[in-house]
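Participant: Give the three-dimensional model of this entry:
(chains A and B)
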Amino acid sequence: MAGGISERRIVAAAKVQDLVFALLGIVVLFFAMAMLATLVIDLLTDGLARINMQFLSDFPSRRPAEAGILSAWVGTTLVMFVTALLAIPLGVGAGLYLEEYAPKNWLSDLIEINVSNLAGVPSIIYGLLALGFFVYALGMGQTILVGGMVLALLILPIVVVATREAVRAVPSGLRESAYGLGCNRWQVVWSYVLPSARPGILTGAIVGLSRAIGETAPIITIGALTFIAFLPPSPLQAAPPFLNADWLSSPFTVMPIQMFNWTSRPQAGFHENAAATGVLLLGMTLIMNGFAIYLRYRLRKGLKT
Amino acid sequence: MSQTVDEGQTFAALKASGYLRRGRMVASAMQVILFACAALSVVITASILWVLVSESWMFFQQIPLVAFLTDTQWTPAFTNARYGILPLLTATLWAAGIAMAVATPLGLILSVYLSEFAQPRVREVLKPILEMLAAVPTVVFGYFALLFLTPLAKQFIPGLSGFNLLVPGFVMGIMILPYVVSISEDAMRAVPMTLREGAYALGMSRWRTAFTVIIPGAFSGVTAAYLLAFARAVGETMVVAIAAGQNPNLTGDPREGAATITAYIVQMSLGDLPHGSLAYSTIFATGLVLFIITLGFNVLGFFLRRKFREAY
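Facilitator: I've put the predicted structure just below:
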């Protein structure tokens, strides 16, 4: 009998321990969420009032109330365009090679170690690479093209990893059927593997781009200016061929740099501007990530995307 | 019968038209192109090393390595300039150490909770929310650290200066938390169910199972999570550049402000840096130190992570 009681006591104690730990887990979770919520609320209370048409359509200024982020959001848009155009094809290509082509040898191993190491290289080191290599060794200067290139290198590992995971999830029966119909390897990859892996790749690309939008350090390192009171030349023109590439070689600034610049000034008016920029930045990255999470959720549920 | 003949003719016609040959050519061209995309990663790593070494070459010709590593002052702007990386390095390690002091216990509790306690449904909701935390731009975290948390913390911590290592360290800890949790939870979930069931059958509580079976079983993966997170905290730039100050300061007190390696690079990059000057080469020399530290932790983390994947 005595044994029975102590066993019951052990079970009861175990249950209490489990309950305490589960509560601890929930407390930590709420703490993390509370930090995120505090951050969002702090930014909103500081900056929401500053977001209006004037803020979006004015250049930076010495007077905080007249300053705007026109050059910054235009810069961010153009840089992101370059980044997406470079990082997505290169990253998808590398991911496809590693999953579908790479033989098991030291070279594939080396590439694999490199990709995962590049994912851990601090972003500012990419900035130094771009400064020493693109800006000076190649003489490209501090331009939108270089900004887009450095961010593309930075998010390349994210796109590669997402592509690999998406490609790995494609059932091998699909590949074998396509081979059975007489497709060669590239036709299998292009017509069957890529289309089924598309939602997963898209998710990775969105997560990568949302990281690039908020990235500040490498852009500062290449020497992008913090005060830009003009716009790059328009990519569209009236005369044929209607497109021009002059904007690629234009100096620029981006939203995170503008925010950094305003944050590090002492006047409270600039802090409001910084908070407003932060609200916009945060809004963009959270929406992009939310969309990526939604895509992945549908993917896991097996819904058509 | 007639069908087979038709197919035969189609095949012959395809062969004659060069369609198949073109397909093969495209396929082999694409193989080369895709290989080039993958090989780019090796080229990038090599270029990083080359740029860091070649651009800091001049620095190490003028400043002896021993002085660089042992001098306790970093005053490149003074007339009597001193180039000892110790102040920058200690500030970097302070901030990253505080971040780890926050992220290690919280990350361990959270990943055990998510992998061993939470219902699958709860987990599906919670993980995306944690990912949202990881998506916040670092410059926003910097703003939060300098203009919200530091004034708040000043009321509780006497002697805390406006720029300090404590608050940005703490914010970095929160920032790397999702990263720690995602890797260590993966490792814990990779521990086979049979080990859990064996422990439960012996009458162990979930809590004891987690700490005596799951964590030891996932040890290499959990360790990898912390190594990778530490590398990230060491290389984190904007939070410390905004909230820890720009002043190189060899200090044992995290309530003081001190420039980290990354903050120094940002500060120099904001000014006008003539290409080829000694000031220009200092950011590559300090960057090289940063790269070597993070590379070491990343490579170690990579192999540990691979080990836990192979174990089960």
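Participant: Now do the buried residues in the strand or helix carrying B:Thr194.
Facilitator: Assigning secondary structure by DSSP states H and E places B:Thr194 in helix B:193-201. Counting neighbours by 16 or more other CB atoms under 10 Å in any protein chain shown, one finds that the buried residues in helix B:193-201 are B:Arg196, B:Ala199. Where you see a C-beta, it was placed from the backbone N, CA and C, and this is true even at glycine.
Participant: And for stretch A:229-242?
Facilitator: A:Pro232.
Participant: What average pLDDT does it get?
Facilitator: pLDDT averaged over stretch A:229-242 equals 72, rounded to a whole number.
Participant: re the thing from before, what's the helix holding B:Thr194 packed up against?
Facilitator: helix B:206-209 (3 or more CB pairs under 8 Å, 6 or more residues apart in numbering or on different chains; DSSP states H and E).
Participant: Next, the contact list for B:Thr75, please.
Facilitator: Each residue near B:Thr75 by CB atoms under 8 Å, 6 or more residues apart in numbering or on different chains is listed here: B:Ala81, B:Arg82, B:Pro248.
Participant: Show the average pLDDT along stretch B:223-243.
Facilitator: 92.
Participant: For residue 129, what is the enclosing helix or strand?
Facilitator: Using chain A. For A:Leu129, the enclosing helix or strand under DSSP H and E is helix A:123-129.
Participant: my question was about chain B
Facilitator: Element membership of B:Ile129, judged by DSSP H and E, is helix B:120-135.
Participant: Could you point out the helix or strand that follows that helix?
Facilitator: As the chain continues past helix B:120-135, the following element, by DSSP H and E, is helix B:138-144.
Participant: After that following helix, which helix or strand is next?
Facilitator: Along the chain past helix B:138-144, the next helix or strand (assigned with DSSP H and E) turns out to be helix B:150-154.
Participant: How many neighbouring residues does residue 268 have?
Facilitator: If you meant another chain, say so; for now it's chain A. Here the number of neighbours of A:Ala268 (other CB atoms under 10 Å in any protein chain shown) works out to 10.
Participant: actually chain B
Facilitator: 20.
Participant: The one 10 residues further on now?
Facilitator: For B:Leu278, the number of neighbouring residues by other CB under 10 Å comes to 15.
Participant: what do you get for A:Ala49?
Facilitator: For A:Ala49, using other CB under 10 Å, the count is 12.
Participant: these two touch, right, it and A:Glu272?
Facilitator: Yes - the pair formed by A:Ala49 and A:Glu272 meets the contact definition of CB atoms under 8 Å, at 7.4 Å.
Participant: just to revisit the earlier point, name the residues that touch the helix holding B:Ile129?
Facilitator: Contact partners of helix B:120-135, identified using CB under 8 Å, 6+ apart, comprise A:29, A:32-33, A:35-36, A:207, A:210-211, A:214, A:285-286, A:288-290, A:293, A:297, B:110, B:114, B:118, B:174-175, B:177-179, B:181-182.
Participant: out of those residues, which are inside helices?
Facilitator: The helices in this structure, assigned by DSSP state H, contain A:29, A:32-33, A:35-36, A:207, A:210-211, A:214, A:285-286, A:288-290, A:293, A:297, B:110, B:174-175, B:177-179, B:181-182 from those.
Participant: Give me the buried entries from those.
Facilitator: When neighbours are counted using 16+ other CB under 10 Å, the ones in helices among the contacts of helix B:120-135 contain these buried positions: A:29, A:32, A:35-36, A:207, A:210-211, A:214, A:285-286, A:288-290, A:293, B:110, B:174-175, B:177-179, B:181-182.
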